[in-house]
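**Q** Attaching a predicted model along with its sequence, questions to come.
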Amino acid sequence: MTKVNLFLAGILYLVTSQIHAQTVYYDADQFQLIGKVTERTETRYERLPAYLKDTCRPPVWQLGKNSSGLAIRFRTNSTSISAKWELLQNNRMNHMTDTGIKGLDLYAWEGDHWQPVKAGLPGGKTNELTIITNMTPQEREYMMFLPLYDGITSLSIGIDSTAYIEDPSLPFPDTTHPIIVYGTSITQGGCASRPGMSYTNILTRKLNREVINLGFSGNGQLDYEIAELMSTRRDASMFILDFIPNVNATQLTEKTNTFFNILREANPGTPILFVETIIFPHSYYDKKTYETITEKNKLLKEEYEKIKRKGDKNIYYLACDNLIGYDGEATVDGIHLTDTGFARMAGKLFETINRIENK
């Protein structure tokens with residue numbers, strides 16, 4: 001190759017590199033969003049309908065602004081993917097990573113499974129960064145999980161200026177018969193290191209089905225307004241109730257049956273699964289805590305048995321046995337789960353869901 005040709009090749013390489021280095025952003029509002037129980041929300045990236053603003057308890061309403069369980073679906077042939085997102089509050093906690101609280105988590109479909117690509121690490125209330133680069137320029141389907149413990153007021157996805165981005169073409173995760181999960185801070189995702197590792201998001205990938213997260217940190221207290229909201233989803237394939245850590249014995253015995261009946265009256269044939277609370281690892285030393293959680297599990301089992309004796313054939317029960325293992329390594333603080341804890345719990349739920357649906 002002559003010096004002139006080498007020079008021209010170098011110029012071409014530089015120009016091509018600069019073209020690919022340019023990032024064009026697209027408002028994520030135009031792409032599919034999964035994980036919502038209803039579209040009737042105040043803004044796009046939140047979980048509760050606007051009509052509950054003045055009727056449900058204020059803490060529940062505020063937690064509904066968190067985007068736990070929501071995910072954007074799209075496809076692109078870009079060699080890089082970037083994101084801009086603005087947070088509602090820029091929350092911080094002393095026992096959970098910023099990435100889990102307010103970051104993004106990108107996955108790609110690889111033939112038969114969702115493969116982690118890379119997380120979008122937050123730097124403040126307003127964020128812009130390249131999540132992944134140097135990929136081959138082939139079309140891929142993506143799923144981007146949104147923050148677990150903060151809200152999003154705006155979100156844009158960036159790609160190469162020469163690439164395209166469109167709605168997904170694959171029909172999964174299947175959104176036709178979602179599983180709806182109600183519960184506590186653990187259900188909401190505390191304390192996953194990144195959004196994709198909450199147990200409902202793990203189940204979304206393992207089942208390849210929409211799993212809707214209605215976990216409200218400290219506030220899974222059997223609010224009837226939430227049962228009524230859940231009951232409107234006549235297309236749900238299952239309701240999972242995982243609320244024990246947030247209720248006391250009185251609330252449990254007085255409200256469980258009514259909460260259940262609201263769901264059952266509207267959905268007479270839908271499986272409903274009660275889940276015991278995990279045995280907190282520190283309760284092996286803290287005997288008061290052990291007595292409290294084992295007593296509540298016992299009371300839940302009694303409520304379940306009462307309903308079953310009335311002839312309901314679509315009610316199920318998952319005991320705490322080995323939900324997160326026995327080695328004590330599955331929590332951050334004795335209560336909230338690490339990624340290990342979430343993976344173990346999701347595995348048990350996955351087995352239970354398959355057993356119920358294939359019986």
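**A** Structure's in. What do you need? Numbers count the residues shown, from 1 in each chain.

**Q** Could you use CA atoms for every contact and neighbour count after this?
**A** OK.

**Q** Would you agree Lys84 is in contact with Leu129?
**A** Yes: taking CA atoms under 8 Å as the definition, Lys84 is a contact partner of Leu129 at 6.8 Å.

**Q** Comparing these two, which residue is more hemmed in?
**A** Between Lys84 and Leu129, counting by other CA atoms under 10 Å, Lys84 is the more crowded of the two (20 against 15).

**Q** And this structure, what are its domain boundaries?
**A** Domain segmentation of the chain under automatic domain parsing yields 23-166, 174-357.

**Q** what secondary structure does Pro178 sit in?
**A** strand (DSSP: H, G, I helix; E, B strand; the rest coil).

**Q** So for Lys359, what pLDDT did the model give?
**A** Per-residue pLDDT puts Lys359 at 83.

**Q** Pro58 versus that one, what's the distance?
**A** Going from Lys359 to Pro58 by CA to CA, to the nearest Å gives 41 Å.

**Q** quick one, which of those two is more surrounded?
**A** Legend: neighbour count by other CA under 10 Å for Lys359 and Pro58, higher for Pro58 (12 against 5).

**Q** residue contacts, Tyr317?
**A** Going by CA atoms under 8 Å, 6 or more residues apart in numbering, Tyr317 touches Leu273, Phe274, Val275, Glu276, Lys301, Tyr304.

**Q** any idea which of these has the most stuff around it?
**A** The contacts of Tyr317, ranked by neighbours (other CA under 10 Å): first place Glu276, 24 neighbours.

**Q** Let me see the contact set for that residue.
**A** Asp242, Ile244, Asn297, Leu300, Tyr317, Leu318, Ala319, Cys320.

**Q** Need the three-state assignment for Ala119.
**A** Reduced to three states by three-state DSSP, Ala119 is strand.

**Q** okay, now it: neighbour count?
**A** So Ala119, with other CA under 10 Å, has 21 neighbours.

**Q** Can you read off the pLDDT for it?
**A** So Ala119 comes in at 98 (pLDDT).

**Q** For it, name its beta-bridge partners.
**A** Asp105 (DSSP bridges).

**Q** Wait, it touches Lys102, no?
**A** No: using CA under 8 Å as the test, Ala119 is too far from Lys102 to be in contact (10.8 Å).

**Q** mind listing what Thr294 touches?
**A** Contacts of Thr294 (CA under 8 Å, 6+ apart): Ile279.

**Q** element containing it?
**A** For Thr294, the host element (DSSP states H and E) is helix 287-309.

**Q** Which members of the contacts of Tyr317 are the farthest-apart pair?
**A** Leu273 and Lys301 (11.7 Å; CA to CA).

**Q** how near is the most centrally placed residue in the chain to Leu121?
**A** Nearest to the mean C-alpha position of the chain, by CA atoms, centre = their mean, lies Gly69 at 2.6 Å. Plainly put, Gly69 is 18 Å away from Leu121 if you go by CA to CA.

**Q** Average pLDDT for stretch 336-346, rounded please.
**A** 98.

**Q** Other residues contacting that stretch?
**A** So stretch 336-346 is contacted by 185-186, 190-193, 197-200, 202-203, 323-325, 329-332 (CA under 8 Å, 6+ apart).

**Q** Buried ones in that stretch, by neighbour count?
**A** Applying a neighbour-count criterion of 16 or more other CA atoms under 10 Å, one finds His336, Leu337, Thr338, Asp339, Thr340, Gly341, Phe342, Ala343, Arg344, Met345, Ala346 buried in stretch 336-346.

**Q** can I get the CA coordinates of it in PDB?
**A** Only the C-alpha atoms of stretch 336-346 are listed here, as PDB (Å, rounded to 0.1, in the frame of the first residue of the first chain):
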ATOM      1  CA  HIS A 336     -32.700  -7.600  53.600                       C
ATOM      2  CA  LEU A 337     -31.300  -9.900  51.000                       C
ATOM      3  CA  THR A 338     -28.000  -9.900  49.100                       C
ATOM      4  CA  ASP A 339     -27.900 -11.000  45.500                       C
ATOM      5  CA  THR A 340     -27.200 -14.500  46.900                       C
ATOM      6  CA  GLY A 341     -30.400 -14.400  49.000                       C
ATOM      7  CA  PHE A 342     -32.500 -13.100  46.100                       C
ATOM      8  CA  ALA A 343     -31.200 -15.800  43.700                       C
ATOM      9  CA  ARG A 344     -32.000 -18.500  46.300                       C
ATOM     10  CA  MET A 345     -35.500 -17.100  47.000                       C
ATOM     11  CA  ALA A 346     -36.200 -16.700  43.300                       C
END
